[in-house]
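Asks: Kindly generate the corresponding structure for this input.
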Amino acid sequence: MTSITRISSRIIGPKDDLCPGDIEETILSYLPLQDLQAMSLVSPGSPVVVGHLRGRVTRLLAALGLDPIQILDIMRETGAIISGSFALEIVNPGSCTPRDLNLYCGLGKGERVGALLGALQGIEPKQRCSADSTLPPSHVLNIDHPYRIDFTIRPRTHLLFHNTVLMNCVTGHEVICFYPQLTRDYVGLQNLRSVRSGTHDPEWVQRWDCLGYSVASNCGEQHQDHVYWSAQPSHGSCHHEYRNTSDALSARVAFTYDAPISDDSVPVLCWRLGFDLQGYNVTLQNSPAVFLFTADWSSERMKREAARDGAVIWNTYTAPLLADKLTIDPRLWKRCFP
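Replies: Modelled structure (predicted):
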């Protein structure tokens, strides 16, 4: 990567206008900066990387019939993020063709995001109610575009996607990939028993196969030494691993120079993927877990009995309770950001 930085500095030279922008972009397309993992290894704040990634985000937004400046301003104001196929295409260019845009926002922010977007030219607001009455409705905005793209606002966490290939996001300042090495290699892990039922059917898995991705139902297909009990784990590629949104295993690259260094108002979320563990005569089901980062979360996660209980709902996560005031409703606990 040092050679990339050296080459890019020679391209740009001592003056910013030494190399025209179109020629610079053409040269960059030949450099190994395609996936976010590679870009994250270049010197932080490199003008070449910042400009290249900003262009990648704005061009894809424009291709969907949107004004990139307006959309990014709304995201910065509200804290909304883009995930789904759009973020995957930014993280791993050429891997898919986005036909919709999914925004994820904090609890209580959906109305504000919908109002700001609905005021933009060419966007036609409506509301689509969830089939599950326990979930908040999604706001759907149709974009005035030949493809009539749906622009959906979802007030829930993006860490409950049905596999790790989609666990990426674009904020108003940066792009984040939570499983960068796997995604770079076109490999994913299923997140079993996730929010949406039926997403692990063979038909859905086959769709990922058609895109070139190999999505495994168990990380044991990739390695035998699991993070939970091994001294030499495969960090960042294990079903058993507890992760958090600020750990060093994620790849994150800023595309603005005014990105906040830290924001204490944004909660750090921890998660573990859902997976099945085959025992001698029984299959242990481990449900996905998403919870708030706390000072004692590391000691809680070491309770293997709890970790292997498929009904684990972490008490540190803000969630509505059932009538008995003791049990967290499994239909509600994972619906929103804290």
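Asks: Going by C-alpha atoms from here, please, whenever you check contacts or count neighbours.
Replies: Noted.
Asks: list the helices and strands the one helix or strand residue 175 maps to packs on?
Replies: Counting by DSSP states H and E, the element that carries residue 175 is strand 174-177. Contact analysis of strand 174-177 by 3 or more Cα pairs under 8 Å, 6 or more residues apart in numbering; DSSP states H and E lists helix 85-91, strand 168-170, strand 251-254 as its packing neighbours.
Asks: Residues contacting the last one, please?
Replies: Read that as strand 251-254. Defining contact as Cα atoms under 8 Å, 6 or more residues apart in numbering, one finds that strand 251-254 is touched by 36-37, 39-40, 44-45, 50, 53, 173-180.
Asks: Repeat that for the first one.
Replies: Outside helix 85-91, the residues that touch it by Cα under 8 Å, 6+ apart are 35-36, 56-57, 60, 95-102, 165-166, 168-170, 175-177.
Asks: Can you flag the buried ones in the residues you listed?
Replies: 35-36, 56-57, 60, 95, 98, 100-102, 165-166, 168-170, 175-177 (16 or more other Cα atoms under 10 Å).
Asks: Need the residues that contact stretch 182-190.
Replies: So stretch 182-190 is in contact with 35-37, 92, 162-165, 200, 212-219, 237, 239, 273-275, going by Cα under 8 Å, 6+ apart.
Asks: could you measure residue 61 against residue 251, distance?
Replies: 21 Å (Cα to Cα, to the nearest Å).
Asks: more crowded one of those two?
Replies: In terms of neighbours (other Cα atoms under 10 Å), residue 251 is the more surrounded of residue 61 and residue 251; the figures are 22 against 18.
Asks: what's across from the more buried one in the sheet?
Replies: Counting by DSSP bridges, residue 251 forms beta bridges with residue 177.
Asks: What's the separation between it and residue 189?
Replies: Relative to residue 189, residue 251 is positioned 17 Å away (Cα to Cα).
Asks: Then residue 38?
Replies: 21 Å.
Asks: Compare the two (neighbour count), which wins?
Replies: residue 189 (26 against 15).
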